[in-house]
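[1] build me a structure from this.
(one chain, ligands or ions: 1)
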Amino acid sequence: MKQPIFLRPLFQERIWGGTKLNEKYEYTIPSSQTGECWAISAHPHGQSVVASGEFSEKSLGELWEEQPELFGYFESNRFPLLTKILDANDDLSVQVHPDDDYANKFEKGEFGKTECWYIVDCDEGADIIFGHHAQSKEEFIRLVEEGNWERLLQRIKIKPGDFFYVPSGTIHALCKGTLVLETQQSSDTTYRVYDYNRRGQDGKLRELHLEKAIDVTTVPHTAAKVEPAIVKTTGGSITTFVEEDYFTVYKWEITNTLSLTQESYFTLVSVINGEGKMISEDNEYYIKYGDHFIIPHEMKSFKIEGQVQLIASQPNSKGERQHEVASTTRQVANV
Ligand code: ZN
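    Predicted structure coming up:
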């Protein structure tokens, strides 16, 4: 197939969520505390569904199993990535995610979670928590036990257009007033370190997972350096933000007409601003902010026209190898 596969996202309510997913992207959201748009997801906790065409109404998970040719036969028993848009109307809990080995062992075969953030929009003076200042595990544990968050946590000022790579083991939190496009491994495992003593809807303090968090946190913090590489043409620019174990993430910024080729297995695309059209062979597809689609394996070249910004991601081979390991382990366990 040489046509983009448009997907219908789903929404998750969160105590820190707001209404920006409706205000900016015109999505119908379930409440005024909507935190997450799961835009391209085949995770069992919420799957996006094909919105139109030959595979209309199929879940992405079904498509992955039934039509492997669309994904270039990428070796994994599960769709590897998950794209979200997050509306942090309030601070998220300070958290950390495990890597593949730890998650496979302690979270019933779940993938680890390496993620990255493109800051679509944020309030003036907004910041994030990214990393910590402890030099040893002992110091880390002591500062957590004392609740000395000011001393422990590293805050970084952000602005729209910034990009952060957040490997598993990195302490992090989005803070109030931030709208983010997140690309991550397809995982839903989070260990909470600190939650501002907030109570959930049941009136109870939300659960923390300190022991596991201490297990998986990288100490001392090592900041992964992001050096975006930009290629400019008359039709726009292509920025490569990160090319790492699990994914490569780009921004395509179209000011006129940009010709693109796909050399990867497949590509996940989210339109974050503007509108335009996508042209493949003789077909044209109108695209606008808030649209999400997959470019299948056989769609090797296409053009995008208009004034439009998109975030695109492709799966990488460490994901492929890890998934093979994970599936082998599971097969053994099934026996
Ligand atoms: Zn996270």
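
[2] mind checking pLDDT for Met1?
    Reading off the confidence values, Met1 has pLDDT 85.

[3] I'd like the distance between it and Ile141.
    52 Å (Cβ to Cβ, to the nearest Å). Every C-beta, even on glycine, is put in place using the N, C-alpha and C of the backbone.

[4] again, but for Asn283
    In terms of Cβ to Cβ, Asn283 sits 58 Å off from Ile141.

[5] which of those two has more residues huddled nearby?
    Taking other Cβ atoms under 10 Å, Asn283 and Ile141 do not tie; Ile141 has more neighbours (15 against 12).

[6] tell me the contacts of Ala229?
    Counting by Cβ atoms under 8 Å, 6 or more residues apart in numbering, Ala229 makes contact with 239-240.

[7] switch to numbering from 781
    In the new count, where the first residue is 781, that last one comes out as Ala1009.

[8] how close does it sit to Thr1019?
    7 Å.

[9] how is the chain divided into domains?
    785-996, 1009-1114 (automatic domain parsing).

[10] next, format those as TSV and append distance to Ala1003.
    Shown next, in TSV, are the domains of the chain (distance: least, Cβ to Cβ, whole Å):
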stretch	distance to Ala1003
domain 785-996	6
domain 1009-1114	13
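
[11] and the ones you listed, which one's lowest on average pLDDT?
    For the domains of the chain, where the average pLDDT is lowest is domain 1009-1114, sitting at a mean of 87.

[12] ranges for the strands of the stretch 831-980 of the chain?
    861-868, 874-876, 895-902, 907-912, 933-937, 943-946, 952-954, 958-965, 971-974 (DSSP state E, counting those that start in this stretch).

[13] tell me the centre residue of the chain?
    Thr963 (2.2 Å; Cα atoms, centre = their mean).

[14] and stretch 1037-1044, what's buried?
    Going by neighbour count (16 or more other Cβ atoms under 10 Å), the buried part of stretch 1037-1044 is 1037-1038, 1040, 1042, 1044.
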